[in-house]
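Q: quick one, structure for this:
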Amino acid sequence: MSSIAEFYSRNLATETVKGLTQKAAQGGTTNRAPIGYVNAGVRDERGRENRTVQVDEERAPHITWAFQVYASGRWQLSQIHRELIARGLTTLPTPKRPSKPIAISTLHRLLSNPYYKGDVRFKGATYKGSHEAIVPKEVWYQVQAVTSQLLTRPKCMTTT
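A: Numbering: from 1, shown residues only. Below is the predicted model of the structure:
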């Protein structure tokens with residue numbers, strides 16, 4: 001019995017990954033939408049619910065602004081973080097957790113997420129997403145260039 005249960009469990013995991021890979025390849029979002037988007041259920045003409053992702057009209061402008069100012073190279077991550085908090089950007093509330101200001105680590109992660117330029121990343125592969133991009137591709141690539149410059153810039157050394 002245990003070997004049958006083990007086979008069933010492995011097979012179920014394989015089928016789940018296969019289904020999620022197919023969903024990502026078709027441009028679907030495989031998990032919860034990132035900040036700036038909301039998961040939504042839309043009913044078709046037959047009354048069936050289709051799960052989709054829509055732009056969060058309240059939070060998306062803040063995310064777009066963050067990308068634009070970071071791409072300029074004149075703002076530091078901590079400055080953008082403070083300004084986003086001052087502007088009122090918060091996470092989406094869930095049944096278990098209330099909304100709260102985003103963490104600086106969340107800001108850092110979202111600035112490298114290709115989802116904002118319209119792509120879906122799953123298991124190391126990137127696919128063209130079916131959701132609306134809230135950041136122009138040029139701005140997203142400029143943010144990546146600014147980030148890589150900061151990572152490769154030599155640190156100032158002080159001698160004592």
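Q: where does pLDDT dip in this protein?
A: Applying pLDDT under 70 to the chain flags the ranges 153-160.
Q: host element of the closest residue to His131 other than its chain neighbours?
A: Excluding its sequence neighbours, the residue lying closest to His131 (CB to CB, 6 or more residues apart in numbering) is Val53, at 4.6 Å. Every C-beta, even on glycine, is put in place using the N, C-alpha and C of the backbone. Assessed by DSSP states H and E, Val53 sits inside strand 49-55.
Q: quick check: next helix or strand after that strand?
A: Once the chain leaves strand 49-55, the next helix or strand it forms, by DSSP H and E, is helix 60-71.
Q: what packs against that next one?
A: With contacts defined as 3 or more CB pairs under 8 Å, 6 or more residues apart in numbering; DSSP states H and E, helix 60-71 has these neighbours: helix 77-87, helix 104-110, helix 137-152.
Q: what about dumping the CA coordinates of the longest one to PDB?
A: Below are the C-alpha coordinates for helix 137-152, written out as PDB (Å, rounded to 0.1, in the frame of the first residue of the first chain):
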ATOM      1  CA  LYS A 137      10.300  47.100 -21.500                       C
ATOM      2  CA  GLU A 138      12.800  49.900 -22.100                       C
ATOM      3  CA  VAL A 139      12.400  51.100 -18.500                       C
ATOM      4  CA  TRP A 140      12.600  47.600 -17.100                       C
ATOM      5  CA  TYR A 141      15.900  46.900 -19.000                       C
ATOM      6  CA  GLN A 142      17.200  50.300 -17.800                       C
ATOM      7  CA  VAL A 143      16.500  49.300 -14.200                       C
ATOM      8  CA  GLN A 144      18.400  46.000 -14.700                       C
ATOM      9  CA  ALA A 145      21.300  48.000 -16.200                       C
ATOM     10  CA  VAL A 146      21.400  50.400 -13.200                       C
ATOM     11  CA  THR A 147      21.200  47.400 -10.800                       C
ATOM     12  CA  SER A 148      24.100  45.600 -12.500                       C
ATOM     13  CA  GLN A 149      26.200  48.900 -12.500                       C
ATOM     14  CA  LEU A 150      25.700  49.100  -8.700                       C
ATOM     15  CA  LEU A 151      26.700  45.500  -8.200                       C
ATOM     16  CA  THR A 152      29.900  45.900 -10.200                       C
END
